[in-house]
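> Sharing a sequence plus its predicted fold:
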Amino acid sequence: MSFSDLKRGHVVQYIEDHKTETGLWFLHHIPKTAGSSLAQELATRLRPYRNMAIDYQPDTSFTGDMMSAAVTQFIESGMALKCRSASGHVFAPHIRQIARAVPDVSFFTYLRHPVSRIVSEYRYCRTEMHPPWRNFITRYPTIDAFVDEPLEANKMSRYLFGTVTIAPEAARELLFSRYAFIGLQERYPLSYLLMSRMMWGGSAPQAKSRVTPSTAENAVEMTADLHARILANNALDISLYKAVSDVYADIASEAWDMAAA
């Protein structure tokens, strides 16, 4: 099963071919792509569900080791073979680890336009919802500092592929073949329609969680220069977003017609 099967003229067939009554659906949750709300839907609709949570400490700056421990525990405890759904801010090596341990697993993820996603993450990380928020503010006193941080560039691609250098076309092929479904935050109603039809027969979205509050600390003024620098620093993420967006533009009318039938 792969997202590459979703094409005009094949929407109904794609859903039928991807429906499962057993096995694990794993949400590769890229930060600030509507994943928290999706995780609540999974916990309600597709049980048993497990979240790959880590024990954040206020001064945590690197979470890779803690996430690796959470994924290993998920597998070694046997829960990976018992759950119908799971999610987490895992990295590319963890996806490969889960794939090796769980033969009957289907991966899915959601993308978001890089400009919106980066601003959303910056705003979120400057609130108490993000445990090490004080450290974040010290490290990134302005949105400009955050946008110009090399480690924050192409962050969706880093979660999907790791730190390897990969050309846009190769990234698209790997993304479309590795994931059974890819949603878009900007196409959430349509994405949810397709996803829910495959996973539990269809429903309207209900959950909306972890909405970032507006504070004096996280206000952002989007200037033309800031917008241009985000685009320039995130070219690979932009190309992936466009590739998925093109698929949705191509199948949207057919998918909505299917839903109305």
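Thanks, I have it. Numbering: from 1, shown residues only.

> Only C-alpha atoms from now on, for both contacts and neighbour counts.
Noted.

> Just give the closest residue to residue 243, not the sequence neighbours.
Leaving aside its sequence neighbours, residue 243 sits nearest to residue 172 (Cα to Cα, 6 or more residues apart in numbering; 7.1 Å).

> Quick check: that neighbour touching residue 240?
Yes: using Cα atoms under 8 Å, residue 172 is in contact with residue 240, at 6.1 Å.

> about what we covered before: give me the pLDDT for the residue nearest to residue 243.
Note on residue 172: pLDDT of 98.

> Residue 184 too?
What the model reports for residue 184 is a pLDDT of 97.

> partners of it in the sheet?
Assessed by DSSP bridges, residue 184 has beta-bridge partners residue 111.

> So between residue 172 and residue 240, which is more surrounded?
More crowded of residue 172 and residue 240, by other Cα atoms under 10 Å: residue 240, with 24 against 20.

> pLDDT averaged over stretch 116-125, what's the number?
Mean predicted confidence for stretch 116-125 is 96.

> Pull out the buried residues from that stretch.
Residues of stretch 116-125 classed as buried: 117-125 (neighbour count, 16 or more other Cα atoms under 10 Å).

> Give me the contacts around that stretch.
31-33, 130, 132-133, 136, 143, 146-147, 212-213, 218-220 (Cα atoms under 8 Å, 6 or more residues apart in numbering).

> buried subset of those residues?
Using 16+ other Cα under 10 Å, the buried ones in the contacts of stretch 116-125 are 31-33, 132-133, 136, 143, 146-147, 212, 218.

> Just put these in TSV and tack on distance to residue 248 and secondary structure.
Shown next, in TSV, are those (distance: Cα to Cα, whole Å; DSSP: H, G, I helix; E, B strand; the rest coil):
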residue	distance to residue 248	secondary structure
31	21	coil
32	20	coil
33	17	coil
132	36	coil
133	36	helix
136	35	helix
143	31	helix
146	30	helix
147	28	helix
212	27	coil
218	32	helix
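
> hmm, back to that, so which helix or strand takes in the residue nearest to residue 243?
Using DSSP states H and E, residue 172 falls within helix 168-178.

> Distance from that helix to the middle of the chain?
Offset of helix 168-178 from its chain centre (Cα atoms, centre = their mean, to the nearest Å): 15 Å.
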